[in-house]
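Participant: Predicted structure and sequence below. I'll ask about it afterward.
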Amino acid sequence: MSELVSNIKSQNWSLSIETQGEIVTDIQDINQCIYIIITTIKGSDPLRPDFGCGLWEHIDKPASVAVPNIIREIGKAIATFEPRAEVQKITFELNEAQVTFSIYWTSSFGNSVTAIPITLI
């Protein structure tokens, strides 16, 4: 592992949550951090009780009520906990019992727009 870490050339990196022993850098690192922020239930981290996203409070509400509230919670959580990303827009797609939110964001070190889809069941 120390050999892997010593070969990192980016200041933006973290261990991959998908593949053991791999490292994600730059845009992939920010995508992973956004994913962690959004999928963490607010209050579930005892060392950071404010960390996470309040979207889970709206999951069982009708879509017409839940979707705008979830979009607001996602935007607020990213703005609070991921200073490297600026949300451009958040879209959603309903498919029977699941909804997929796509978060379009730009990084503080580049101008390209990156999209990250997150599906909630």
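Facilitator: Structure's in. What do you need?
Participant: how far out from the middle of the chain is stretch 34-49?
Facilitator: Computed by CA atoms, centre = their mean, to the nearest Å, the separation of stretch 34-49 from the middle of its chain amounts to 11 Å.
Participant: pLDDT of it, averaged?
Facilitator: Per-residue pLDDT over stretch 34-49 has a mean of 94.
Participant: Give me the contact list for it.
Facilitator: Defining contact as CB atoms under 8 Å, 6 or more residues apart in numbering, one finds that stretch 34-49 is touched by 17, 50-56, 74, 77-78, 81-82, 85, 103, 105, 116, 118. Any C-beta I mention is one placed from the backbone N, CA and C, and that applies to glycine too.
Participant: and what of stretch 88-97?
Facilitator: 63, 67, 70-71, 74-75, 99-106, 113, 121.
Participant: Repeat that for stretch 110-121.
Facilitator: Here stretch 110-121 makes contact (CB under 8 Å, 6+ apart) with 27, 30-31, 34-35, 38-39, 55, 59, 70, 88, 97-107.
Participant: coming back round to it: select only the buried ones of the contacts of stretch 88-97 in PyMOL?
Facilitator: Restricted to buried positions by 16 or more other CB atoms under 10 Å, the PyMOL selection for the contacts of stretch 88-97 reads:
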select buried, resi 67+70+71+74+75+99+101+103+105
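Participant: now, which of the contacts of stretch 88-97 lie within helices?
Facilitator: 63, 67, 70-71, 74-75 (DSSP state H).
Participant: tell me the SS of Lys9?
Facilitator: Following DSSP: H, G, I helix; E, B strand; the rest coil, we place Lys9 in the coil state.
Participant: what's the helix or strand for Ile90?
Facilitator: When elements are assigned from DSSP states H and E, Ile90 belongs to strand 85-95.
Participant: List the buried residues for that strand?
Facilitator: Per 16+ other CB under 10 Å, strand 85-95 contains these buried residues: 85, 87, 90, 92.
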